[in-house]
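Asks: heads up, no residue letters with this:
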């Protein structure tokens, strides 16, 4: 069912600095995940599956690849007449040498004219860098049922971790009464997922006022939501139950890939009723050599395995040579592990070569090792 009265805006301009070298030349939402996907495939596929046919993707840092990737709306069925994915970089500013979005709210404010041309009743604001599947049409139905001015998706997190998130405190009816950004002593464990539905006329008014406020952070969590609460507007929490992962660090990106090896993983990329669409990469089928040994692995098309792979995820075109071992690791597209090399508890970046008999990573390391440059082996 088409949600013609709601359009989506995906915030995809984050720097992703905690992913280190993985985002030196690529925006965080364009980072590879799950063998053949990119992170941004998830919110875009969710929009397509939820019947949202107009999607603006707000890009900023290292966005060349991301811009060209999302502009091909056909990957998500969003290139038909009166539908599409639109790339929205920051506007030029006369008073600044940098063309940047000053905050999440400023990113939407700079694109008011884009939204206005579609005259939506509702606007869905999304983060472009989370892994999850969600039906936004159900969230919109809840928004209408609650007669809300704003609806914020929340997920229950362990109480001991709540101080890491923006926390929504609610009454017994699910109305948000207080928002706390990373509170030292949290009162609840309802963490904001960075997914919002607003009545557009209401939000438009708030954004225009926020743009003129010199003391504002121009941020939804720090400014817009507290201002709405201060005006006694109706804000409600939409409780999400399912798989959700913020892949903002090397360890969390590794964990999200490792989760695919769990047969009971809630994400279920094989679910035909909620497909995650992506670029169709031409590659031969995987090849498993006669001496290969594979235990609990996720191996994508185009891979060649002649050594041992255990509890690992291999992206498109990865190669594991004769006698090589890949254990508890993630090999991103085009990685080559040459004969006799050992890779353990590591995430190896795109097209990196691990030389013959080289050793990277350790079974005893607390954190996952990121390998972003060629590792020389025995010549």
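Replies: Yes, it's here. Just so we're clear, the structure is a prediction, and the values are computed from it rather than from any experiment.

Asks: Confirm for me that residue 48 is in contact with residue 276.
Replies: No - using CB atoms under 8 Å, residue 48 is not in contact with residue 276, being 9.8 Å away. Quick note: C-beta positions are derived from backbone N, CA and C, even for glycine.

Asks: and residue 153, which of the three is it?
Replies: Here residue 153 is strand, with the state taken from DSSP: H, G, I helix; E, B strand; the rest coil.

Asks: ok, it touching residue 242?
Replies: No - here residue 153 does not reach residue 242: they are 10.9 Å apart, not a contact under CB under 8 Å.

Asks: So which residues of the stretch 201-350 of the chain form helices?
Replies: 225-230, 250-258 (DSSP state H, counting those that start in this stretch).

Asks: Could you check how far the nearest residue to residue 298 once chain neighbours are set aside is from residue 57?
Replies: Closest residue in space to residue 298, ignoring its immediate chain neighbours: residue 313 at 4.4 Å, by CB to CB, 6 or more residues apart in numbering. From residue 313 across to residue 57, the span is 26 Å (CB to CB, to the nearest Å).

Asks: same check, this time on residue 16
Replies: 15 Å.

Asks: Who has more neighbours out of those two?
Replies: residue 57 (28 against 23; other CB atoms under 10 Å).

Asks: wait, what's in contact with the more buried one?
Replies: By CB atoms under 8 Å, 6 or more residues apart in numbering, the contact set of residue 57 is 10, 12, 40, 44, 66, 70, 85-88, 128.

Asks: Export the residues you listed to JSON lines and append columns for neighbour count and secondary structure.
Replies: Output for the contacts of residue 57, formatted as JSON lines (neighbours: other CB atoms under 10 Å; DSSP: H, G, I helix; E, B strand; the rest coil):
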{"residue": "10", "neighbour count": "25", "secondary structure": "strand"}
{"residue": "12", "neighbour count": "30", "secondary structure": "strand"}
{"residue": "40", "neighbour count": "26", "secondary structure": "coil"}
{"residue": "44", "neighbour count": "30", "secondary structure": "helix"}
{"residue": "66", "neighbour count": "26", "secondary structure": "helix"}
{"residue": "70", "neighbour count": "28", "secondary structure": "helix"}
{"residue": "85", "neighbour count": "25", "secondary structure": "strand"}
{"residue": "86", "neighbour count": "17", "secondary structure": "strand"}
{"residue": "87", "neighbour count": "16", "secondary structure": "strand"}
{"residue": "88", "neighbour count": "21", "secondary structure": "strand"}
{"residue": "128", "neighbour count": "25", "secondary structure": "coil"}
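
Asks: Just the closest of those to residue 27, please.
Replies: residue 66 (4.3 Å; CB to CB).

Asks: pLDDT value on that closest one, please?
Replies: Listed pLDDT for residue 66 reads 85.

Asks: Residue 79 too?
Replies: Value for residue 79, per-residue pLDDT: 66.

Asks: Pick out the residue nearest the middle of the protein.
Replies: Nearest to the centroid of the C-alpha atoms of the chain, with distances taken as CA atoms, centre = their mean, sits residue 129, at 2.1 Å.

Asks: Now do the buried residues in stretch 34-52.
Replies: 34-50, 52 (16 or more other CB atoms under 10 Å).

Asks: Show only the entries of those found in strands.
Replies: Among the buried residues of stretch 34-52, the residues falling in strands (DSSP state E) are 37-38.

Asks: sorry, back to before: so the residue nearest to the centre of the chain makes contact with residue 15?
Replies: No - judged on CB under 8 Å, residue 129 makes no contact with residue 15 at a distance of 10.6 Å.

Asks: Now residue 106. Its backbone dihedrals?
Replies: phi -60, psi -30 (degrees, to the nearest 10).

Asks: Could I get the contacting residues of it?
Replies: So residue 106 contacts 210-211, 218 (CB under 8 Å, 6+ apart).

Asks: on that earlier part again, columns mean pLDDT and distance to residue 358 on top of the helices of the stretch 201-350 of the chain, output as a markdown table?
Replies: Listed next are these as a markdown table, based on pLDDT from 0 to 100; distance: least, CB to CB, whole Å:
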| stretch | mean pLDDT | distance to residue 358 |
| --- | --- | --- |
| helix 225-230 | 93 | 50 |
| helix 250-258 | 95 | 20 |
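
Asks: Of those helices, which is nearest residue 369?
Replies: Per CB to CB, nearest to residue 369 of the helices of the stretch 201-350 of the chain: helix 250-258, 8.3 Å.

Asks: Neighbours of the closest residue to residue 242 other than its chain neighbours, how many?
Replies: The shortest distance from residue 242 to any non-neighbouring residue, by CB to CB, 6+ apart, is to residue 266 (5.5 Å). For residue 266, the neighbour count with other CB under 10 Å is 12.

Asks: can you give me the strands in the stretch 51-200 of the chain?
Replies: Here the stretch 51-200 of the chain has its strands, by DSSP state E, counting those that start in this stretch, at 54-59, 84-88, 122-127, 130-132, 150-156, 166-170, 176-181, 190-199.

Asks: what's the last one in contact with?
Replies: Strand 190-199 is contacted by residues 6, 11, 121-127, 130, 132, 134, 136, 139-140, 143, 148-157, 162, 165-170, 179, 220-221, 237, 239-240, 244 when judged by CB under 8 Å, 6+ apart.

Asks: Buried subset of these as a ChimeraX selection?
Replies: Burial among the contacts of strand 190-199 is assessed by 16+ other CB under 10 Å; the matching ChimeraX selection reads:
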select :6,11,122,123,124,125,126,127,130,132,134,136,139,140,143,148,149,150,151,152,153,154,155,157,162,165,166,167,168,170,179,220,221,237,240,244
